[in-house]
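Visitor: what follows is a predicted structure for the sequence shown.
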Amino acid sequence: MHADEAVPPGKAKAMEAFAGLAHEPGVAKPDPILVADNVVRRFGGLTAVNVSHLEIQRGSITALIGPNGAGKTTFFNQLTGFDTADSGEWRFNGKRMNGLPAYKIARAGMVRTFQLTKALSKLTVMENMRLGAQQQSGENFFTALFPFLWREQEEQITERAEELLQRFKLDAKRDEFAGSLSGGQRKLLEMARALMVKPELIMLDEPMAGVNPALTQSLLGHVKDLREQGLTVLFVEHDMDMVHDISDWVVVMAQGAVIAEGPPDEIMSDERVVDAYLGAHHDAPLSAEEAEKQLAEAEAELEAAATADSTARKEPGDE
Ligand SMILES: Nc1ncnc2c1ncn2[C@@H]1O[C@H](COP(=O)(O)OP(=O)(O)OP(=O)(O)O)[C@@H](O)[C@H]1O
(Lines give C-alpha, C1' and ligand atoms only; values in the text may rest on other atoms or scores of the structure.)
Protein backbone atom coordinates (compact mmCIF):
# COMPACT_ATOMS: atom_id res chain seq x y z
CA MET A 1 0.00 0.00 0.00
CA HIS A 2 1.36 3.44 -0.93
CA ALA A 3 1.69 6.05 1.77
CA ASP A 4 -0.97 8.20 0.15
CA GLU A 5 -3.38 5.25 -0.25
CA ALA A 6 -6.20 5.44 2.27
CA VAL A 7 -6.58 2.64 4.82
CA PRO A 8 -9.92 0.94 4.11
CA PRO A 9 -12.58 2.12 6.59
CA GLY A 10 -13.14 -1.32 8.16
CA LYS A 11 -9.45 -1.73 8.87
CA ALA A 12 -9.12 1.82 10.18
CA LYS A 13 -11.99 1.23 12.58
CA ALA A 14 -10.47 -2.02 13.82
CA MET A 15 -7.06 -0.38 14.33
CA GLU A 16 -8.66 2.39 16.32
CA ALA A 17 -10.51 -0.11 18.52
CA PHE A 18 -7.29 -1.91 19.47
CA ALA A 19 -5.13 1.16 19.95
CA GLY A 20 -4.25 1.70 23.57
CA LEU A 21 -5.44 -1.71 24.83
CA ALA A 22 -3.25 -3.57 27.28
CA HIS A 23 -1.52 -6.52 25.63
CA GLU A 24 -2.55 -9.16 28.12
CA PRO A 25 -4.72 -12.30 28.13
CA GLY A 26 -8.40 -11.56 28.68
CA VAL A 27 -8.12 -7.81 28.06
CA ALA A 28 -11.51 -6.06 27.65
CA LYS A 29 -12.35 -4.76 24.16
CA PRO A 30 -14.33 -1.57 23.44
CA ASP A 31 -17.16 -3.36 21.58
CA PRO A 32 -16.96 -7.13 21.94
CA ILE A 33 -19.25 -9.25 19.74
CA LEU A 34 -18.27 -12.38 21.66
CA VAL A 35 -17.38 -12.75 25.33
CA ALA A 36 -16.34 -16.13 26.73
CA ASP A 37 -15.90 -16.96 30.41
CA ASN A 38 -14.39 -20.02 32.06
CA VAL A 39 -14.86 -22.34 29.10
CA VAL A 40 -13.58 -25.78 30.04
CA ARG A 41 -13.54 -28.98 27.98
CA ARG A 42 -11.92 -32.15 29.25
CA PHE A 43 -11.28 -35.43 27.48
CA GLY A 44 -10.70 -37.98 30.23
CA GLY A 45 -7.75 -36.68 32.21
CA LEU A 46 -6.77 -34.12 29.57
CA THR A 47 -7.98 -30.52 29.84
CA ALA A 48 -8.14 -29.56 26.18
CA VAL A 49 -9.66 -26.10 26.76
CA ASN A 50 -9.52 -23.88 29.82
CA VAL A 51 -10.18 -20.30 28.73
CA SER A 52 -10.83 -17.94 31.67
CA HIS A 53 -11.88 -14.85 29.75
CA LEU A 54 -11.75 -13.82 26.12
CA GLU A 55 -13.38 -10.98 24.20
CA ILE A 56 -13.52 -10.69 20.42
CA GLN A 57 -13.78 -7.17 19.05
CA ARG A 58 -16.63 -6.54 16.61
CA GLY A 59 -15.59 -5.75 13.02
CA SER A 60 -12.03 -6.98 13.46
CA ILE A 61 -9.95 -9.84 12.11
CA THR A 62 -8.65 -11.79 15.08
CA ALA A 63 -6.24 -14.73 14.70
CA LEU A 64 -6.24 -17.63 17.13
CA ILE A 65 -2.83 -19.27 17.05
CA GLY A 66 -0.95 -21.83 19.12
CA PRO A 67 1.03 -25.03 18.76
CA ASN A 68 -0.55 -28.33 17.72
CA GLY A 69 -2.89 -29.63 20.40
CA ALA A 70 -3.26 -26.20 22.07
CA GLY A 71 -7.05 -26.58 22.00
CA LYS A 72 -7.93 -24.10 19.23
CA THR A 73 -10.25 -26.40 17.27
CA THR A 74 -11.84 -27.75 20.45
CA PHE A 75 -12.49 -24.16 21.59
CA PHE A 76 -14.06 -23.34 18.19
CA ASN A 77 -16.25 -26.42 18.55
CA GLN A 78 -17.48 -25.38 22.01
CA LEU A 79 -18.31 -21.85 20.92
CA THR A 80 -20.28 -22.96 17.84
CA GLY A 81 -22.18 -25.76 19.57
CA PHE A 82 -20.47 -28.65 17.75
CA ASP A 83 -19.24 -30.07 21.03
CA THR A 84 -20.46 -29.67 24.59
CA ALA A 85 -18.29 -27.81 27.05
CA ASP A 86 -17.96 -29.19 30.59
CA SER A 87 -18.57 -25.69 31.87
CA GLY A 88 -18.43 -22.06 30.89
CA GLU A 89 -20.53 -19.27 29.52
CA TRP A 90 -20.25 -17.31 26.31
CA ARG A 91 -22.34 -14.51 24.96
CA PHE A 92 -22.73 -13.44 21.35
CA ASN A 93 -24.16 -9.96 20.91
CA GLY A 94 -24.99 -10.13 24.61
CA LYS A 95 -27.05 -13.34 24.23
CA ARG A 96 -26.05 -16.51 26.03
CA MET A 97 -25.01 -19.21 23.55
CA ASN A 98 -23.70 -21.98 25.81
CA GLY A 99 -26.03 -24.95 25.82
CA LEU A 100 -27.57 -24.06 22.45
CA PRO A 101 -27.35 -26.46 19.49
CA ALA A 102 -25.16 -25.52 16.51
CA TYR A 103 -28.04 -24.50 14.23
CA LYS A 104 -29.39 -22.03 16.79
CA ILE A 105 -25.94 -20.51 17.23
CA ALA A 106 -25.62 -20.26 13.44
CA ARG A 107 -29.03 -18.65 13.22
CA ALA A 108 -27.97 -16.13 15.86
CA GLY A 109 -25.19 -15.11 13.46
CA MET A 110 -22.09 -17.04 14.45
CA VAL A 111 -20.80 -19.77 12.08
CA ARG A 112 -17.63 -21.74 11.58
CA THR A 113 -16.18 -23.20 8.40
CA PHE A 114 -15.31 -26.85 8.02
CA GLN A 115 -12.60 -28.37 5.96
CA LEU A 116 -14.14 -30.32 3.07
CA THR A 117 -14.63 -33.89 4.19
CA LYS A 118 -14.70 -36.90 1.92
CA ALA A 119 -18.48 -36.96 1.95
CA LEU A 120 -18.80 -33.26 1.03
CA SER A 121 -16.21 -33.68 -1.74
CA LYS A 122 -18.61 -36.05 -3.49
CA LEU A 123 -21.30 -33.37 -3.68
CA THR A 124 -21.31 -30.64 -6.30
CA VAL A 125 -20.31 -27.10 -5.45
CA MET A 126 -23.96 -26.00 -5.59
CA GLU A 127 -25.09 -28.89 -3.39
CA ASN A 128 -22.49 -27.87 -0.84
CA MET A 129 -23.85 -24.36 -0.85
CA ARG A 130 -27.43 -25.52 -0.40
CA LEU A 131 -26.36 -27.78 2.42
CA GLY A 132 -24.68 -24.81 4.09
CA ALA A 133 -28.06 -23.10 4.26
CA GLN A 134 -30.29 -26.07 5.02
CA GLN A 135 -28.15 -27.70 7.64
CA GLN A 136 -28.20 -24.62 9.73
CA SER A 137 -31.81 -23.58 9.24
CA GLY A 138 -33.10 -26.12 11.77
CA GLU A 139 -36.52 -25.89 10.13
CA ASN A 140 -36.51 -28.91 7.87
CA PHE A 141 -39.40 -30.72 9.50
CA PHE A 142 -41.68 -27.72 9.72
CA THR A 143 -41.04 -26.44 6.20
CA ALA A 144 -41.43 -29.94 4.77
CA LEU A 145 -45.10 -29.79 5.77
CA PHE A 146 -45.75 -26.66 3.71
CA PRO A 147 -44.42 -26.90 0.15
CA PHE A 148 -45.16 -23.23 -0.60
CA LEU A 149 -42.83 -22.31 2.25
CA TRP A 150 -39.97 -24.42 1.09
CA ARG A 151 -40.35 -23.48 -2.56
CA GLU A 152 -39.93 -19.84 -1.70
CA GLN A 153 -37.09 -20.68 0.64
CA GLU A 154 -35.48 -22.85 -2.05
CA GLU A 155 -35.52 -19.96 -4.48
CA GLN A 156 -33.94 -17.65 -1.94
CA ILE A 157 -31.27 -20.22 -1.18
CA THR A 158 -30.43 -20.66 -4.87
CA GLU A 159 -30.27 -16.91 -5.37
CA ARG A 160 -27.99 -16.41 -2.39
CA ALA A 161 -25.78 -19.32 -3.49
CA GLU A 162 -25.43 -17.91 -7.02
CA GLU A 163 -24.53 -14.49 -5.63
CA LEU A 164 -21.82 -15.93 -3.40
CA LEU A 165 -20.44 -18.26 -6.07
CA GLN A 166 -20.06 -15.27 -8.37
CA ARG A 167 -18.38 -13.23 -5.67
CA PHE A 168 -15.87 -16.01 -5.03
CA LYS A 169 -15.49 -16.75 -8.77
CA LEU A 170 -16.79 -20.27 -8.38
CA ASP A 171 -19.92 -19.88 -10.49
CA ALA A 172 -18.40 -21.70 -13.45
CA LYS A 173 -17.78 -24.64 -11.13
CA ARG A 174 -21.30 -24.86 -9.70
CA ASP A 175 -22.02 -28.32 -11.13
CA GLU A 176 -18.60 -29.83 -10.54
CA PHE A 177 -17.78 -32.07 -7.63
CA ALA A 178 -16.30 -30.13 -4.74
CA GLY A 179 -13.55 -32.77 -4.63
CA SER A 180 -12.32 -31.66 -8.05
CA LEU A 181 -11.58 -28.10 -6.86
CA SER A 182 -8.04 -26.89 -6.21
CA GLY A 183 -6.93 -26.27 -2.61
CA GLY A 184 -7.60 -22.52 -2.90
CA GLN A 185 -11.01 -23.02 -4.49
CA ARG A 186 -11.97 -25.43 -1.70
CA LYS A 187 -11.14 -22.75 0.85
CA LEU A 188 -13.28 -20.27 -1.04
CA LEU A 189 -16.12 -22.78 -1.10
CA GLU A 190 -15.80 -23.36 2.65
CA MET A 191 -16.08 -19.63 3.20
CA ALA A 192 -18.93 -19.19 0.73
CA ARG A 193 -20.85 -22.06 2.33
CA ALA A 194 -20.57 -20.51 5.78
CA LEU A 195 -21.79 -17.18 4.40
CA MET A 196 -25.05 -18.78 3.22
CA VAL A 197 -26.58 -18.01 6.62
CA LYS A 198 -25.47 -14.36 6.57
CA PRO A 199 -23.41 -14.50 9.75
CA GLU A 200 -22.09 -11.54 11.72
CA LEU A 201 -19.15 -13.55 13.04
CA ILE A 202 -17.40 -16.02 10.77
CA MET A 203 -14.90 -18.44 12.25
CA LEU A 204 -12.44 -19.79 9.70
CA ASP A 205 -10.67 -23.06 10.28
CA GLU A 206 -7.18 -22.85 8.73
CA PRO A 207 -8.18 -20.81 5.68
CA MET A 208 -4.70 -21.13 4.16
CA ALA A 209 -4.17 -24.88 4.52
CA GLY A 210 -3.38 -26.44 1.14
CA VAL A 211 -3.60 -23.17 -0.78
CA ASN A 212 -1.29 -22.66 -3.74
CA PRO A 213 0.86 -19.52 -3.17
CA ALA A 214 -0.51 -18.04 -6.41
CA LEU A 215 -3.98 -17.90 -4.84
CA THR A 216 -2.86 -16.63 -1.46
CA GLN A 217 -3.37 -12.94 -2.20
CA SER A 218 -6.80 -13.50 -3.65
CA LEU A 219 -7.85 -15.49 -0.59
CA LEU A 220 -6.45 -12.89 1.79
CA GLY A 221 -8.31 -10.24 -0.20
CA HIS A 222 -11.59 -12.08 0.34
CA VAL A 223 -11.01 -12.33 4.09
CA LYS A 224 -10.16 -8.61 4.34
CA ASP A 225 -13.26 -7.91 2.31
CA LEU A 226 -15.40 -9.60 4.97
CA ARG A 227 -14.16 -7.05 7.50
CA GLU A 228 -14.92 -4.21 5.08
CA GLN A 229 -18.47 -5.53 4.87
CA GLY A 230 -18.79 -5.23 8.62
CA LEU A 231 -18.30 -8.89 9.51
CA THR A 232 -16.14 -10.03 12.39
CA VAL A 233 -13.58 -12.70 11.50
CA LEU A 234 -11.97 -15.11 13.94
CA PHE A 235 -9.58 -17.60 12.37
CA VAL A 236 -7.31 -20.45 13.38
CA GLU A 237 -4.17 -20.60 11.29
CA HIS A 238 -0.68 -22.05 11.32
CA ASP A 239 0.57 -19.91 8.44
CA MET A 240 2.28 -17.05 10.25
CA ASP A 241 2.64 -14.93 7.11
CA MET A 242 -1.11 -14.90 6.80
CA VAL A 243 -1.55 -14.14 10.50
CA HIS A 244 0.86 -11.26 10.16
CA ASP A 245 -0.62 -9.96 6.96
CA ILE A 246 -4.30 -9.80 7.84
CA SER A 247 -4.92 -9.86 11.56
CA ASP A 248 -5.69 -6.79 13.62
CA TRP A 249 -5.23 -8.75 16.82
CA VAL A 250 -3.73 -12.13 17.76
CA VAL A 251 -4.81 -14.45 20.57
CA VAL A 252 -2.39 -17.23 21.54
CA MET A 253 -3.47 -20.50 23.11
CA ALA A 254 -1.22 -23.11 24.70
CA GLN A 255 -2.32 -26.16 26.65
CA GLY A 256 -5.95 -25.07 26.51
CA ALA A 257 -5.48 -21.56 27.94
CA VAL A 258 -5.03 -18.11 26.42
CA ILE A 259 -1.42 -17.20 27.22
CA ALA A 260 -1.02 -13.95 25.26
CA GLU A 261 -2.96 -11.37 23.26
CA GLY A 262 -1.82 -8.40 21.25
CA PRO A 263 -1.03 -6.93 17.84
CA PRO A 264 0.66 -9.32 15.36
CA ASP A 265 4.12 -7.68 15.39
CA GLU A 266 4.45 -7.80 19.12
CA ILE A 267 2.95 -11.27 19.54
CA MET A 268 5.33 -12.88 17.06
CA SER A 269 8.34 -11.78 19.06
CA ASP A 270 6.77 -12.48 22.47
CA GLU A 271 8.94 -14.81 24.52
CA ARG A 272 5.97 -16.76 25.96
CA VAL A 273 4.70 -17.40 22.47
CA VAL A 274 8.06 -18.55 21.14
CA ASP A 275 8.44 -20.80 24.21
CA ALA A 276 4.97 -22.30 23.72
CA TYR A 277 5.79 -23.22 20.14
CA LEU A 278 9.25 -24.55 20.94
CA GLY A 279 7.93 -26.51 23.91
CA ALA A 280 5.46 -28.26 21.67
CA HIS A 281 8.10 -29.47 19.23
CA HIS A 282 10.01 -32.71 19.37
CA ASP A 283 13.50 -32.43 20.77
CA ALA A 284 14.88 -34.88 18.23
CA PRO A 285 13.78 -35.62 14.69
CA LEU A 286 11.38 -38.57 14.39
CA SER A 287 12.76 -41.93 13.26
CA ALA A 288 11.34 -43.27 9.99
CA GLU A 289 9.33 -45.80 12.01
CA GLU A 290 7.87 -43.09 14.29
CA ALA A 291 7.06 -40.89 11.31
CA GLU A 292 5.29 -43.78 9.58
CA LYS A 293 3.29 -44.57 12.73
CA GLN A 294 2.24 -40.90 13.03
CA LEU A 295 1.16 -40.85 9.41
CA ALA A 296 -0.91 -44.03 9.80
CA GLU A 297 -2.55 -42.61 12.94
CA ALA A 298 -3.35 -39.35 11.19
CA GLU A 299 -4.88 -41.16 8.21
CA ALA A 300 -7.03 -43.32 10.48
CA GLU A 301 -8.16 -40.21 12.37
CA LEU A 302 -9.09 -38.41 9.14
CA GLU A 303 -10.99 -41.44 7.92
CA ALA A 304 -12.90 -41.66 11.21
CA ALA A 305 -13.65 -37.92 11.17
CA ALA A 306 -14.97 -38.11 7.61
CA THR A 307 -17.25 -41.02 8.49
CA ALA A 308 -18.49 -39.34 11.67
CA ASP A 309 -19.06 -36.14 9.75
CA SER A 310 -21.11 -37.74 7.01
CA THR A 311 -23.19 -39.61 9.60
CA ALA A 312 -23.78 -36.47 11.65
CA ARG A 313 -24.81 -34.52 8.58
CA LYS A 314 -27.59 -36.92 7.60
CA GLU A 315 -30.99 -35.55 8.49
CA PRO A 316 -33.73 -38.00 9.49
CA GLY A 317 -35.20 -39.40 6.27
CA ASP A 318 -32.04 -38.72 4.23
CA GLU A 319 -30.60 -41.57 2.24
N1 LIG B 1 -12.58 -35.95 20.67
C2 LIG B 1 -11.46 -35.95 21.37
N3 LIG B 1 -11.17 -36.94 22.23
C4 LIG B 1 -10.04 -36.92 22.97
N5 LIG B 1 -9.10 -35.96 22.91
C6 LIG B 1 -9.33 -34.95 22.06
C7 LIG B 1 -10.51 -34.89 21.24
N8 LIG B 1 -10.46 -33.75 20.51
C9 LIG B 1 -9.30 -33.13 20.85
N10 LIG B 1 -8.62 -33.84 21.76
C11 LIG B 1 -7.34 -33.46 22.38
O12 LIG B 1 -7.48 -32.16 22.88
C13 LIG B 1 -6.28 -31.41 22.68
C14 LIG B 1 -6.58 -30.17 21.90
O15 LIG B 1 -6.83 -30.52 20.56
P16 LIG B 1 -7.23 -29.48 19.42
O17 LIG B 1 -7.44 -30.26 18.16
O18 LIG B 1 -8.33 -28.64 19.89
O19 LIG B 1 -5.92 -28.60 19.31
P20 LIG B 1 -5.53 -27.55 18.16
O21 LIG B 1 -4.93 -26.39 18.86
O22 LIG B 1 -6.71 -27.29 17.30
O23 LIG B 1 -4.43 -28.35 17.38
P24 LIG B 1 -4.03 -28.29 15.81
O25 LIG B 1 -3.38 -26.98 15.61
O26 LIG B 1 -3.06 -29.41 15.70
O27 LIG B 1 -5.28 -28.49 15.02
C28 LIG B 1 -5.30 -32.35 22.00
O29 LIG B 1 -4.48 -32.92 22.98
C30 LIG B 1 -6.20 -33.40 21.37
O31 LIG B 1 -5.53 -34.63 21.25
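Guide: It's in.
Visitor: that's a strand at Leu54, yeah?
Guide: Yes - counting by DSSP: H, G, I helix; E, B strand; the rest coil, Leu54 is found in a strand.
Visitor: neighbours of it, how many?
Guide: Leu54 has 24 neighbouring residues, counting by other C-beta atoms under 10 Å. Where you see a C-beta, it was placed from the backbone N, CA and C, and this is true even at glycine.
Visitor: ditto for the one 3 residues further on
Guide: One way to gauge burial is a neighbour count; for Gln57, by other C-beta under 10 Å, it gives 23.
Visitor: again, but for Glu24
Guide: 10.
Visitor: show me which residues of the stretch 51-200 of the chain are close to the ligand?
Guide: Counting by C-beta under 6 Å from any ligand atom, the stretch 51-200 of the chain comes close to the ligand at Gly66, Asn68, Gly69, Ala70, Gly71, Lys72, Thr73, Thr74.
Visitor: one more pass at 8 Å, please.
Guide: Residues of the stretch 51-200 of the chain lying near the ligand by C-beta under 8 Å from any ligand atom: 66-77, 83.
Visitor: from the residues you listed, which two are the most distant?
Guide: For those, with distances taken as C-beta to C-beta, the pair at the greatest spread is Pro67 and Asp83 (20.4 Å).
Visitor: which residues of the stretch 51-200 of the chain fall in helices?
Guide: Secondary structure of the stretch 51-200 of the chain (DSSP state H, counting those that start in this stretch): helices at 72-79, 102-108, 118-121, 125-134, 140-144, 147-167, 183-195.
Visitor: weakest of those helices by average pLDDT?
Guide: Note on the helices of the stretch 51-200 of the chain: lowest mean pLDDT is at helix 140-144, with a mean of 57.
Visitor: tell me what Ala260 is bridged to.
Guide: Val252 (DSSP bridges).
Visitor: relative to Asp37, how far out is it?
Guide: 19 Å (C-beta to C-beta, to the nearest Å).
Visitor: about what we covered before: pull out the buried members of the residues of the stretch 51-200 of the chain next to the ligand.
Guide: Buried members of these, counted by 16 or more other C-beta atoms under 10 Å: Gly66, Pro67, Ala70, Gly71, Lys72, Thr73, Thr74, Phe75, Phe76, Asn77, Asp83.
Visitor: contacting residues for Leu189?
Guide: Leu116, Val125, Asn128, Met129, Phe168, Leu170, Ala178, Leu181 (C-beta atoms under 8 Å, 6 or more residues apart in numbering).
Visitor: list the buried residues in stretch 91-102.
Guide: Buried-residue list, stretch 91-102, by 16+ other C-beta under 10 Å: Arg91, Phe92, Met97, Asn98, Leu100, Ala102.
Visitor: before we move on, what SS does Asp37 have?
Guide: Under three-state DSSP, Asp37 comes out as strand.
Visitor: cool, Asn50 as well?
Guide: strand.
Visitor: quick check: bridge partners of it?
Guide: Here Asn50, judged by DSSP bridges, has bridge partners Val40.
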